[in-house]
Every structure is written in structure tokens, then in C-alpha cells.
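Undergrad: Need coordinates for the below:
(chains A and B)
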Amino acid sequence: MNILLIGASSAIATAVARRYAANHSSLFLIARNGSRLALQQQDLLVRGAARVGTRVLDLLNHEEHETAISAATEFFGEDDIDLVLICHGSLPDQEAAEQDFDLARREIDINGLSVISLLTRLAPYLKEQGRGMLAVVTSVAGDRGRQPNFVYGAAKALVSTYLQGLRGKLLPYGVDVLDIRPGLVDSPMTQQFDKGLLWSSPELVARQIEKAVRRKRHTVYVPGYWRLIMAVVRSIPEAAFKRLKF
Amino acid sequence: MRLSGWGRYPYAEASVLAPRDADSTAQILKTSVGLRMIPRGAGRSYGDSALATRVLSSRYLDDFLSLDRRALTIRCGAGTTLAEILRVCVPQGLFLPVLSGTKNVTIGGAIAADIHGKNHHVDGSFCDHIERFTLLLPSGETAVCSPTENKEYFQATCGGMGLTGMILDATVSLKKVPSAFISAQSIPAANLKESLALLRQHNDKQYVVAWVDCLAKESALGRGVIYLGSHSETGKLEHRSKRRLSVPFTTPGFLLNRYTMGGFNQLYYARHRFKKSVNSVYYDDYFFPLDRLKGWNRLYGSGGFLQYQFVLPDDAAESGLRETLETVSRSGKGSFLAVLKRFGPANANWLSFPSEGVTLTLDFKYEPDLLPLLDRLDEIVLAAGGRHYLAKDARMSAAVFRQGYPNWHQFKALKDRIDPAGSLGSLQSDRLGLTQAGVRSSQR
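TA: Residues are numbered from 1 along each chain as shown, chains lettered A, B, ... in the order given. Sure thing, here's the model as predicted:
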């Protein structure tokens, strides 16, 4: 498979890339940290990747999105891109983001707008190909605005809603759109939390993402039990929900 | 968070630092001189060797750096597990020269404990196959260590339980194998004498290990099954991932008692008693049968368990083992896992466990009256000239440690020199007198 990974150094993307490398896929990685990317490239080649290309990009810099994507399409040349996986994200300090709009805007940009920018540029490309899949890692936090993380949640909800519309738009062109909603994932992004029973490893999430891609699903909760949990969370009447601090 | 070793005894309250790369790892050490912490890999040592109030995890240092098919070496980050290496290597006909009983240990941990496998008598221990590693010293500086370069760091770090620094990456030698299968043979042994004789008799075979029924008494004392293995010439080179059973919750500890374990051992022995069978077994099932049961350590109940492993020199082995097994048998505390194996000669590393002789591993469910029994066993082991495996230890005294490891003072001298502020230390190293006890951690 030919795979473009954006936010390629995130824990989930790292685990996903390793799975596809073992199947001798070709991968193009876009991420912010150049030295991390170089290590990752080497790692994926040892694991069996056919080819690995990289591009350093700060995703807040929307003007650079176009050239980074061109670098990727050049890397794959004549071959179609089978899968684009957008994985980057940042978990803001909710309290700080509530009090400082610049911070809130920045977080909404990273988790929301930068994804829309990428999708805007990638959608025509895949449409042109007439096949392939656009997959984005969003979050269960987008399902309902909860007090401890609604800035993050709002940005993720923005992306999920956008994907719903885009999915229909791309359907006639044979392009699939996958919304991946992980629950609690034990990764560097969540290092400050104590981990309990509901936490899952990036490797488990990666396995389920691979499965969802293979089955051409449209919206997946990973692990699957989060669909149930979030159904319950969504069903709580707002009159009661507004009093909940979880 | 509450953290423990694989034995789930003892627990300690610890904050875990998991740096994403070598630079940030160095930064942590540089900025926390004298704040005690201990490197931790997969947390597969059984006791308290990777426990401290601050733990420096290698979990994100898990990139492969290179695979050299001509020189037969692989270089990877310290947090890479044996499982990941095998996943990459086996399909290419390459194999790790030494494997522990679980594949879920990291390279850093494997070096720190200088782990051994079923082939120690012919191939030595894990560190005998390490070309070099990068060590982040307590000062935050790095040193490349090999048997010839920075030799004393190498000899102190191999088996040094993470006390000399944090291993960042390592280059491991590989061997070629014709298939992913092991041709395995099992031979029943009626008692201890026969078990030991069979181990000696098959000393030229590559993989040799024995299971011992340590609840059997009198004439059947030490009865067991000897397992021989060698790499099969036929069979595919493939990676198989298998569904694993898992123990999702801690089961009540009372389910493992002398009757259930005695019954298990009876059945297990009976299965092998009348046959001398040869099979071709996938390597994963051969080397790591317990990995199939994820979280098997929860079977021992909420109190956890202790593993007790020691080695005795050949001349004292039979009498020492007999006395040990009799003492255990009398106490009525026994284990599923009693494993007997012959070691080859020791290497030059200061705190490496294996030395020529016979090693026995016992599991005990934790109970308050277990500790006096283990103290009693310590006396038997020391009297026979033996010593204990630090990766399994959770309770040995400093005196017992010092008698078993005469190089301890050499180790301590180097440790004091490279880590004068005491940046690295574990609950174990405090107990063994290798470091000064810092802030006490909660211990049950």
C-alpha cells in the first residue's frame, strides 16, 4: 500500500506506520520534528517498509501545506495514494485555553483548522485518482462538550462534522472518508494522567485502525466499547449534563 | 501512580517519566542530579529492581536503528522488546542468540539483568552477544560501551540493574536459523538425581531445561520433565501472531493452594511420564509458553508473588537442591513453575547472575509467613556456595547479596565515582546496600 501519514510522529501514527511497514508498504511521513522523523524513517525501513519519504512541516503553517503535499505526491509518482491518515493533535490545558483566546485559537487551529486545510488540498487529489481513503484521527471528546476538555472537543467536533459532509461529496468518486474516534490512549500527549482500566495502548488503537481501513468503515470508535460509552454520554439530558464535571 | 514489578510485590508510589528521545532523556538526568530515579523497561523484573519514587521509562526509545544482514547485527533503542526484534528477524531467517522465558522484555532490561535462556550452557548470557551499547551516565553524558571500549562501564552495566546509567540503544548479534520451528523432545525423570543426570547428559544439546514438581516428596522428590530443543531444519520462516488468552482480573489468591498446585503438577507429570516424544514446535510456543496467557501474574491473587531463583555450583548442587526442595516440600508452599537448568561458565560482568552449576527457579504466592521460609532457603544457598538472581529478588538482605556477589565492592566503587550525587537508585539497590536509601516509598 502507499500511505501518506500526517502528524506521523504521534504515538498512534507511529504504531500505525509500524504495522504497515511490516506489510512492506511505502510510506511518506509528514511531521514537525526533523530528528524524530529521521529516526522513524530508519525504524520503518528495518521493519520492512518498501520505501519511506519524509517532510518536516509545522502544521500551523497553512501556507506550507500545499508544498508538503506536493512532496508526497511526487514521492509516490505514478502510483495512487491508497490511504491518507491525518493523526496530529494537541491536548490543551483547558483552564488556560478558557482564559486566553490566543491559546484557544492556536489549539483549535492545530486540532481543527489545520486538518480542514489539509483536507481541502487532499480531497481534489484523491477525487482525481478516483480511489483511496482519507482517514482522520478525531476523538470521542468531539461527541459532546464536557467541562474538562471542551476546547479540544470543539476542535475535534469541527473536524468530525466536516468529515460527515465530505464523505458524501466524495462518495461518487470512489473515495472513502474514515473518522477515527479514539477514547483514552496512553501516549506522550496524555502522560500527565493516571491510567486506569479504560486506557488503551497506541498499538491496540493502530490494530483497530488498520482493520477499519481494510473494511472501509466510515466512523469507528477505538476501542469499540467507546461507541457505547459515548452513546450513553450523548443521551444524558442537557439539564442534567450541565451539572456534570467529568 | 502505583507501580510494581511483574511479581506485584512490592508496590511503590512512583512518578513515571517517559522521554521521547535520547536528548530529552539526557536533559532529565542533567536537570535532576541527586533526585533519585531508576531506569525501567517493560517492568518484567519480578521484585523491586525497577521501583523508585521516580522511574525513567524507556518505552518511547523503541526505534530500530539498523539491521546489518551481513554482519548479523541489529541496533535498536533500549525500549525495543525481544518480541519486536523477533517479529522483524524471524521472517528473514535471523534469530536472537539468547531468549528469556518471556519475549516481553526490553533490550535495556535484558542488558541490565544480563538475562539467560535455555542455552546458557552453550551460548552464555545475553550480554555475551552485545556488540556495544550507548550508556547515558548519571551525569547526562553518553559513553559507548563494548567489551573493549569503556570496558569497566560495560562490565558494570551488564547485570548492573540500571544503576550505572540509562541504556539508550544497543547493538545485538544475531544468528541464522533455517526455520521458525524448534524440534523439541521431552524426557521424564523420576527424581532429582535422574533430573540432574539427564541435564548433564544432554549438556551438548542447544536448549535444555527441566520442569520440576516441587510438591513431590521422598523418593519422588525432584521428579520432573527434561525438555530438549534445537532449531529445526525444516519448516517455514514466518511470523505468526496468535490470539492470547488473558487474565483480565486478579483472581482470588486462595485458588492457588497446595492442593490445586499439587493436582496440577500430578497431571503435568503424568502427561509426560510414559512418553519420550519429539515434536516440531513453533518457536514462540517453545520459548514463551507463558506469554500465551496474558497477565498470568494476576493468578497469584492481590498479594502478588515472589520468584526465587538461585544457582549452585555443580559439586554442591545435588545436596543443596535436595535440601531446598525438602524444605519447600515440608512448608507445603510450592509453585507451578519450578524450573531447573544447568549454566555454563560465568562471564566477566561484575553483577551478572549466571555461573557454572545448576539453577532452580521457584514461584511462591506472597504470604506473610513466606519471608522466613525464603530466609531459610538463603542460608542453604549460601552454604552451598550459590547466589540469587537480582531480577527476581524482592527481599534478599544486603549480607546475602554481598556473599553471593563478591564483586559488589568493585561495583559500588564505580557507582560512587560516576554517580556521587546518587541520582540513580531503586528500592532494591537501597536494600542491597548499593545506594543510600532516599525517601521511603510505600511498601506493603
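Undergrad: which parts of stretch A:165-180 are buried?
TA: A:166-167, A:170, A:175-180 (16 or more other Cβ atoms under 10 Å in any protein chain shown). Yep, even glycine has a C-beta here, placed from its N, CA and C like the rest.
Undergrad: which outside residues touch it?
TA: The contact list for stretch A:165-180 (Cβ atoms under 8 Å, 6 or more residues apart in numbering or on different chains) reads A:119, A:123, A:126-127, A:129-138, A:159-160, A:163-164, A:209, A:212-213, A:216-220, A:222.
Undergrad: Just the buried ones among those, please.
TA: Judged by 16+ other Cβ under 10 Å, buried ones among the contacts of stretch A:165-180: A:119, A:123, A:126-127, A:129, A:132-138, A:159-160, A:163, A:209, A:212-213, A:217, A:219-220, A:222.
Undergrad: So which residues of the chain form helices?
TA: Picked chain A for this. Per DSSP state H, chain A carries helices over the ranges A:11-22, A:34-46, A:65-76, A:94-99, A:101-108, A:114-129, A:150-170, A:202-214, A:225-235, A:238-241.
Undergrad: sorry, should have said chain B
TA: B:22-31, B:82-89, B:107-112, B:120-123, B:151-157, B:192-201, B:258-273, B:283-287, B:314-331, B:370-383, B:398-404, B:408-418, B:427-431.
Undergrad: and the ones you listed, which one is worst for confidence?
TA: Looking at the helices of chain B, the lowest mean pLDDT belongs to helix B:258-273 (a mean of 69).
Undergrad: on that earlier part again, which single one of the buried residues of stretch A:165-180 is nearest to B:D285?
TA: A:I180 (33.9 Å; Cβ to Cβ).
Undergrad: close to chain A, is stretch B:26-39?
TA: No. Stretch B:26-39 lies out of reach of chain A by Cβ under 8 Å from any Cβ of the partner chain, never closer than 12.8 Å.
Undergrad: before we move on, the earlier item: if we take the buried residues of stretch A:165-180, which one ends up nearest to chain B?
TA: Proximity of the buried residues of stretch A:165-180 to chain B (Cβ to the nearest Cβ) peaks at A:I180, which lies at 21.6 Å.
Undergrad: residues touching the closest residue to that closest one other than its chain neighbours, list them.
TA: Nearest non-adjacent residue to A:I180, counting by Cβ to Cβ, 6 or more residues apart in numbering or on different chains: A:V137, 4.8 Å away. Going by Cβ under 8 Å, 6+ apart, A:V137 touches A:7, A:10, A:12-13, A:85-87, A:89, A:180, A:182, A:209.
Undergrad: Then A:F241?
TA: A:R144.
Undergrad: Okay, it and A:Y221: tell me how far apart.
TA: Distance, A:F241 to A:Y221, using Cβ to Cβ, to the nearest Å: 19 Å.
Undergrad: Enumerate every residue touching the nearest residue to A:G7 once chain neighbours are set aside.
TA: Closest residue to A:G7 apart from its sequence neighbours, by Cβ to Cβ, 6+ apart: A:H88 at 2.5 Å. A:H88 makes contact with A:6-7, A:10, A:13, A:31, A:59, A:110, A:114-115, according to Cβ under 8 Å, 6+ apart.
Undergrad: got the residues of chain B near chain A?
TA: Looking at chain A, the residues of chain B close enough under Cβ under 8 Å from any Cβ are B:1, B:18, B:20-21, B:23, B:60, B:63-67, B:74, B:76, B:87-88.
Undergrad: Can you name the residues of chain A that neighbour chain B?
TA: Counting by Cβ under 8 Å from any Cβ, chain A sits next to chain B at A:22, A:35-36, A:39-40, A:42-43, A:46-48, A:188, A:191, A:194-195.
Undergrad: Now list the buried members of those residues.
TA: A:22, A:36, A:39-40, A:42-43, A:46-48, A:191.
Undergrad: Straight-line length of stretch B:11-30, end to end?
TA: 28 Å (Cα to Cα, to the nearest Å).
Undergrad: For that stretch, which outside residues touch it?
TA: Here stretch B:11-30 has contacts from A:35-36, A:39, A:188, A:191, B:1-4, B:37, B:40, B:48, B:51-57, B:59-61, B:134, B:136-142, B:166, B:168-169, B:423, B:427, B:441-444, using Cβ under 8 Å, 6+ apart.
Undergrad: for chain B, which spans come out with low pLDDT?
TA: B:242-244, B:253-256, B:258, B:261, B:264, B:268, B:270-276, B:334-337, B:438-444 (pLDDT under 70).
Undergrad: swap the cut-off to 80 and go again
TA: Counting by pLDDT under 80, chain B shows low-confidence ranges at B:214-217, B:241-278, B:332, B:334-337, B:437-444.
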